[in-house]
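Asks: Predicted structure and sequence below. I'll ask about it afterward.
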Amino acid sequence: MASIYTLAVLTILLGFFLLYRAYWRLELSRAKHPSLQGHSKIARRVARLVPFYELSGEAFFDCDGAPEPIAARRRQAFYALSARLDSRASQSGQLTSSLEKHLSDTHFINSYRVPFQFRTAVRKHLTPGMVADTSSGTQIRDLDGDWHYDLSGSYGVNLFGYDFYKSCMDEGIERVRDLGPVLGVYHPLVLDNVTRIKAISGLGEVSFHMSGTEAVMQATRLARYHTRRSHLVRFCGAYHGWWDGVQPGIGTQRAVNDVYTLKDMDQQSLRVLRTRNDIACVLVSPLQALHPNSGAPGDATLVTSSRHCAFDADRYGDWLRRLREVCTQRGIVLIFDEVFSGFRIAYGGAQEYFGVQADMVTYGKTLGGGLPVGVLCGRHDLMKRFRDDKPTDVCFARGTFNAHPYVMAAMNVFLERIQDPSIRYGYNDMRTKWDRRARQLNEALESGQLPVRIVNLASIWSVIYTRPSRYNWMFQFYLRAEGLHLSWTGTGRLIFSHNYTDEDFDAVQRRFLAAAKAMEADGWWWHDGTLTNRRIRKQILREMLCCWLPGRGRAIA
């Protein structure tokens, strides 16, 4: 009898325990974004199921159901654009093709510049040159001697113009020339760098790294070390470097079990932070203010016109303040990843722009004065890598090239020059200036009845499309043909340097409009009134189903 009673009690306790676990699991699930980006493990499984297939022949030009005259116009325009790009960048294009055979980065970039269904034909006919030998002002010159207005921003490095950084590098090398590449000891100017960075970040200590990814790795490692908790929180769509510990979804082969991917700007996410005891830190990318819960935009994933961007500074600032409050209450380390946004949206970065103090901040890109760098700033207690009472309980992190003299010297020149009144005061009207330019371009696009719009966070812009289409990714090649240099993500992110004058921007606007008008005239934005984003997704699903059928090939003609 006693054994039956004991078994009953244990069964009841087990039932309560399972209900308790299920409840908190449900709470966590509710805080995840419903898209695949919010469910990293499922996204990885689904990605393995997507078959490769390509649209060839007529299907390349009419997969959206366009009539034959439109498809014929597109076909003619495609090969004419190919000839135009080849004639403008023959040497640069040839060298790019040679590099692709030996340089894995180039091979990857050219394979994922457009949706994979169109990859083969685009790589054969529309591969842009990626080789340049000179930069000046707001432009870059390729090997064929053609100048292009730079809309890549050198992926965030180029904030004040290439001439600014070239002079930082030259002057910096002169400052440390006598020391050379000596590692293990510090040049005296490192102390000045640390002092200046502490003043900008409002934090107590600094460590140097060779990349933004390394700086984020160190920040999360220290957060786990000091909180003795296992998990970090990132928000859906945010990018924090290529390390799998902060990129648990597609692109990562290792199973990641200590990362929660939650909804950005959502009350349920705050509830999870308030109630779980295993969260060490929260990673915030201020760039997500431009496209909350969406991944970094790129033309390789531009299969419909459903890309959405909308920047609301007040709403995002309010979210960060509520996030700060919860992290403080729960002893969770709040980390701002400003590798990209630092110094761009404000002198003090997102902390100053939104009025929120983080516990740790990572910097990179532009701070190196033109040379590679990653920097971590944090509170004194969080930056300590050992425990006084347990001498073998350490948090190890060190790199051979940390504080390389040339990098430190270029950084020192950068930090000195941004104190110049012309730069410091330039931040005061920076947002107004770039908002005005975006509005000016949008008005011109609307006046021309072109299905393109711009959304911006200061000088960081994204292109969105207002008319359902499967061919929006073609726009990047029209822009390149007009002499606009883009990053490998194409129109997903345009990054301007702040030395753009109104005359420079007017020239970019004329070329941008010319590209859009040519794309419209060539029929790529054809629409019959019934084509919707949902219908396009169904078209793609049917194409995939055809590939799974026995006996079907990988080419849809």
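Replies: Yep, that arrived. Predicted model, so just to flag it, every value in this text is computed and none were measured. Numbering: from 1, shown residues only.
Asks: quick one: contacts for Asp504?
Replies: Taking CB atoms under 8 Å, 6 or more residues apart in numbering, we find Asp504 in contact with Gly137, Thr138, Tyr149. Quick note: C-beta positions are derived from backbone N, CA and C, even for glycine.
Asks: what do you get if the cut-off is 7 Å, keeping everything else the same?
Replies: Applying CB atoms under 7 Å, 6 or more residues apart in numbering to Asp504 gives the contacts Thr138, Tyr149.
Asks: A helix includes it, no?
Replies: Yes. Note on Asp504: a helix contains this position according to DSSP: H, G, I helix; E, B strand; the rest coil.
Asks: So for it, what's the pLDDT?
Replies: At Asp504, the pLDDT value in this model is 97.
Asks: Could you measure from it over to Gly161?
Replies: 10 Å (CB to CB, to the nearest Å).
Asks: can you list residues touching both of these two?
Replies: Thr138.
Asks: Who are the packing partners of the helix or strand containing Ser92?
Replies: Per DSSP states H and E, Ser92 falls inside helix 90-100. Applying 3 or more CB pairs under 7 Å, 6 or more residues apart in numbering; DSSP states H and E, we find helix 90-100 packed against helix 104-111.
Asks: now do 10 Å
Replies: The helices and strands touching helix 90-100, judged by 3 or more CB pairs under 10 Å, 6 or more residues apart in numbering; DSSP states H and E, are helix 68-88, helix 104-111, strand 139-142.
Asks: right, and those - which one's nearest Leu49?
Replies: helix 104-111 (19.5 Å; CB to CB).
Asks: Next, the buried residues of the next helix or strand after the closest one.
Replies: If you walk from helix 104-111 toward the C-terminus, the next helix or strand you reach (DSSP H and E) is helix 119-125. Across helix 119-125, burial judged by 16 or more other CB atoms under 10 Å covers Arg119, Ala121, Val122, Arg123.
Asks: confidence score at the closest residue in space to the last one that isn't next to it in sequence?
Replies: Residue nearest to Arg123 in three dimensions, not counting chain neighbours: Asn110, with 5.6 Å by CB to CB, 6 or more residues apart in numbering. As summarised for this prediction, Asn110 has a pLDDT of 82.
Asks: what stretches of the stretch 1-150 of the chain score poorly on pLDDT?
Replies: Judged by pLDDT under 70, the stretch 1-150 of the chain has its weakly predicted residues at 1-2, 7-27.
Asks: how close does Pro188 get to Leu179?
Replies: Taking CB to CB, one finds Pro188 at 10 Å from Leu179.
Asks: er, Ile335 actually
Replies: From Ile335 over to Leu179 (counting by CB to CB), the distance is 33 Å.
Asks: What is the burial count for Thr195?
Replies: Per other CB atoms under 10 Å, the neighbour tally for Thr195 reads 11.
Asks: need the contact list for it.
Replies: Listed by CB atoms under 10 Å, 6 or more residues apart in numbering, the contact partners of Thr195 are Val206, Leu415.
Asks: any idea which helix or strand carries Arg321?
Replies: Using DSSP H and E, Arg321 sits within helix 313-330.
Asks: next helix or strand past that helix?
Replies: Immediately after helix 313-330, counting by DSSP H and E, sits strand 333-338.
Asks: Now do that following strand: which elements does it pack against?
Replies: Using 3+ CB pairs under 10 Å, 6+ apart: strand 333-338 touches helix 212-227, strand 231-235, strand 279-284, helix 313-330, helix 349-354, strand 360-364, strand 374-378.
Asks: wait, which of the ones you listed is closest to Gly202?
Replies: That would be helix 349-354 among the helices and strands packed on strand 333-338, by CB to CB, at 6.7 Å.
Asks: what mean pLDDT does the closest one have?
Replies: Per-residue scores along helix 349-354 average to 94.
Asks: And the contacts of it?
Replies: 200-203, 284-287, 289, 313-314, 316-321, 324, 336-338, 341-347, 356-358, 361, 363, 427, 431, 457-458.
Asks: Among the helices and strands packed on strand 333-338, show me which one is buried the most.
Replies: Each of the helices and strands packed on strand 333-338 was scored by mean neighbour count; the highest is strand 360-364, a mean of 29, by mean count of other CB atoms under 10 Å.
Asks: so that strand versus helix 212-227, what angle?
Replies: Here strand 360-364 runs at an angle of 170 degrees relative to helix 212-227 (axes from the mean of the first three to the mean of the last three CA atoms, to 10 degrees).
Asks: What sits closest to Leu151 if chain neighbours are left out?
Replies: Leu494 is the one closest to Leu151 (CB to CB, 6+ apart), at 4.5 Å.
Asks: same question but for Arg467, I mixed them up
Replies: Pro451 (3.5 Å).
Asks: Is it correct that the one you found is in contact with Asn472?
Replies: Yes. With contact defined as CB atoms under 10 Å, Pro451 counts as touching Asn472 (8.6 Å).
Asks: Between the two, which is the more surrounded one?
Replies: Legend: neighbour count by other CB under 10 Å for Pro451 and Asn472, higher for Asn472 (26 against 20).
Asks: returning to what we had before: ok, how many other residues are close to the residue nearest to Arg123?
Replies: 21.
Asks: got the contact list for it?
Replies: Thr96, Ser97, Leu99, Glu100, Arg119, Val122, Arg123, Leu126, Thr127, Pro128, Met130, Trp488.
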